[in-house]
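[1] pasted the sequence and its predicted model underneath.
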Protein chains: 2
Amino acid sequence: MSSENILIIGGGPGGLEAAKGIAELGGRVILVEQRDRLGGTPDSAHYAALTHNFMEAEEVMGKVIAAISDHPNVEIRPGSRVVSLQGSAGEFRLTLESPRGRETVEAGAIIVCTGFDHFDPGQETQMYGYYEFDDVITLTDAEAMLKAKNFVRPSNGQVPERVCFIQCVGSRDRRIGNEYCSKVCCGIASKQAIEIRQLLPQAKVFIFYIDMRMYGYWEQEIYWPAQEKYKVQYIRGIVSEVLKKGDKLIIRGEDTTMGRPMEVTMDVVILSVGMVPSKGTKEVAKILGLPQDKYGFIKTAEGGLDTVSTPVEGIFVAGAAAGPKDLDDTISMAGAAAMKALGTVRRKAQLELRS
Amino acid sequence: MSSENILIIGGGPGGLEAAKGIAELGGRVILVEQRDRLGGTPDSAHYAALTHNFMEAEEVMGKVIAAISDHPNVEIRPGSRVVSLQGSAGEFRLTLESPRGRETVEAGAIIVCTGFDHFDPGQETQMYGYYEFDDVITLTDAEAMLKAKNFVRPSNGQVPERVCFIQCVGSRDRRIGNEYCSKVCCGIASKQAIEIRQLLPQAKVFIFYIDMRMYGYWEQEIYWPAQEKYKVQYIRGIVSEVLKKGDKLIIRGEDTTMGRPMEVTMDVVILSVGMVPSKGTKEVAKILGLPQDKYGFIKTAEGGLDTVSTPVEGIFVAGAAAGPKDLDDTISMAGAAAMKALGTVRRKAQLELRS
């Protein structure tokens, strides 16, 4: 007996959008979220504004959460995780675990929206002194300060005069095995650079980069205004190390446009950390039997034009669980996955009627 | 009386994927295509291999076309165009024109998948001598030669020894009013560079660029192999002009990494032309009353996380009709638009039942 439920794992932007789409088409959703609240990374990592258009993250996510929270077709299971899977497309049986105990649910199809983690610069590798110097922070730390409208030097609470971003931390880096580009860090760093300049008009802001990957409309929406209106200084250069001198930081590296070594003083250094698969993504991949690529992201099916099907029939993936994705990618993939999951459920029900 | 039809305009990758999704969910599709055959730009522009994975464009598109061609829920109208629209979401009435005459069709929702055109370097502006020199070609011209496995100098039919790509032709260019980045040209040029090196192992291949926007997995799938395995030479530089000297071409500009002027000889120069809205996109936007952005692409609704809704209820857009998009974007958007269009049709039908 096939189930018409669609189980969605992850209550971030992708999972919420998929749930909304399915519910609006009359499908039934069970939404499993390991945290006690919905909203995913924009919520847990305290995102301030989202690209495009610098929309307030909290407001936007609030709307999406509201759209599904009282929908009769959506059952939400906060504080829960999937611990086992049996059966196949049309009649999956999953065990969920929560502080309330274990339960078994049935689902005709599954959508994995377990997202990414921000790259950790490493307590052992001490990349750029993140764990050593208080004033070396990550995009995530900076985002939380920007959300609080209080951007200061963590070491002493003072307003910084010179702030820089170092791009490609944890991305495009063969030594650590992350060869891929994380896609969003150029856009996010540039967005934050604008926000810092808005908040602190006296501060000088620099971005050290290899290539500025401001693809599509980010170019004229963010990159040009950052340079022209907000005077953010983009320097094509490789930063090799961050040192401390008195209560300041020193950046050492090479300015590749000028072809000369550089050594500059900063008050705050922001590491533009990339995406790695979240712990949840790696766990869920194992439990559901989904192949992962060499980085640990979930593989999508090959050999055709399909961005959301996994090699396992009836299981789909949306957003950064499948590799580095921006928010537009995630939202579009969520819609596509919702449609294909509904298609699976209805096809299985029809086959059953005929047999 | 609301209609359950969904009218899709455009039979390229986006339109075909949307049609397939809707039909599989039991919805009814009318697919309007102005050409006599389906397949869109990959077909009309003779695409060779697609990213990712260098899949044969013809084979991949063939599969998608086959999936909908005999589907009982999909009516295909080749050689047709939409010439007028009346009514509103749930009960649109559209007039179609074809060599067979005019007809009126009803639809509950509409999906616009009218795509892009390749930027034309201009007969008047004579950008880089495209209309002046036979051996200056575009990505599209190169793609057609690669598909025929016969990459030669157009001027004399000989095998070229030195080939270069000039990036950002028609993109990131304020003088011509196209400030945006076209998103795919870095990836396509690098793919073609690899294909040229595979076909002509003796040829030297150069790519002149501002930033290599090999976002996400293009980085390790294409950019690294291009450099390491296929020895494509990437030069960060601005090409200011292309001249002729004897039967060779001369590229003049500045190598910005070396900080010096450059003048190099080439046999073939490939202009990496960007995306502009297709004639069809601009026409359809006017006929359907859809707002366009300053470049002529169709605007999507603002103020939330939604990649496919237009400001007109019941009308959605997928793919490069909405701005520069890669193939993954287009396929994901098509799924999302299909879902939302079905949602509109069903919601309108329910409202009608209740009233």
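    The structure has been received and is ready for your questions.
[2] list the beta-bridge partners for the nearest residue to A:Ile137 once chain neighbours are set aside.
    For A:Ile137, ignoring the flanking residues on the chain, the nearest one in space by Cβ to Cβ, 6 or more residues apart in numbering or on different chains is A:Ile270 at 5.7 Å. For every residue, glycine as well, the C-beta is placed using N, CA and C. Applying DSSP bridges to A:Ile270 gives these bridge partners: A:Ile137, A:Phe165.
[3] list the contacts for A:Ile270?
    When contacts are counted by Cβ atoms under 8 Å, 6 or more residues apart in numbering or on different chains, A:Ile270 is found next to A:137-139, A:141-142, A:163-166, A:189, A:192.
[4] can you pull the residues of the stretch 151-300 of chain A lying near chain B?
    Residues of the stretch 151-300 of chain A lying near chain B by Cβ under 8 Å from any Cβ of the partner chain: A:172, A:179-183, A:211-220, A:224, A:256-259.
[5] of those, just the buried ones, ChimeraX syntax please.
    Written as a ChimeraX command, the selection of buried residues from these, which uses 16 or more other Cβ atoms under 10 Å in any protein chain shown, is:
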select /A:172,179,180,181,182,183,211,212,213,214,215,216,217,218,219,220,224,256
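[6] still on that earlier bit, can you pull the pLDDT of the residue nearest to A:Ile137?
    At A:Ile270, the pLDDT value in this model is 98.
[7] next: the one 3 residues further on.
    Among the per-residue scores, A:Val273 shows a pLDDT of 96.
[8] next one: the one 3 residues further on
    We have a pLDDT of 97 for A:Val276.
[9] regarding it, what is its secondary structure?
    strand (DSSP: H, G, I helix; E, B strand; the rest coil).
[10] using the three-state scheme, assign the closest residue to A:Tyr130 other than its chain neighbours.
    In space, and not counting its chain neighbours, A:Tyr130 is closest to A:Pro121: 3.8 Å by Cβ to Cβ, 6+ apart. Secondary structure for A:Pro121, judged by three-state DSSP, is coil.
[11] now do the same contact list for A:Pro121.
    A:127-128, A:130-131, A:138, A:169-170, A:271, A:273.
[12] point out where the stretch 101-250 of chain A drops to low pLDDT.
    Low-confidence segments of the stretch 101-250 of chain A, defined by pLDDT under 70: A:123-124.
[13] which residues of it fall in helices?
    A:139-147, A:185-199, A:218, A:224-228 (DSSP state H, counting those that start in this stretch).
[14] and those as a markdown table, adding distance to A:Ala23?
    Output for those, formatted as a markdown table (distance: least, Cβ to Cβ, whole Å):
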| stretch | distance to A:Ala23 |
| --- | --- |
| helix A:139-147 | 30 |
| helix A:185-199 | 31 |
| helix A:218 | 32 |
| helix A:224-228 | 38 |
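[15] residues of the stretch 1-150 of chain A that sit close to chain B?
    By Cβ under 8 Å from any Cβ, the residues of the stretch 1-150 of chain A that approach chain B are A:13, A:17, A:21, A:24-26, A:53, A:55, A:60, A:63-64.
[16] top of the residues you listed by neighbour count?
    Tallying neighbours with other Cβ atoms under 10 Å in any protein chain shown puts A:Glu17 at the head of these, with 30 neighbours.
[17] no further questions, thank you.
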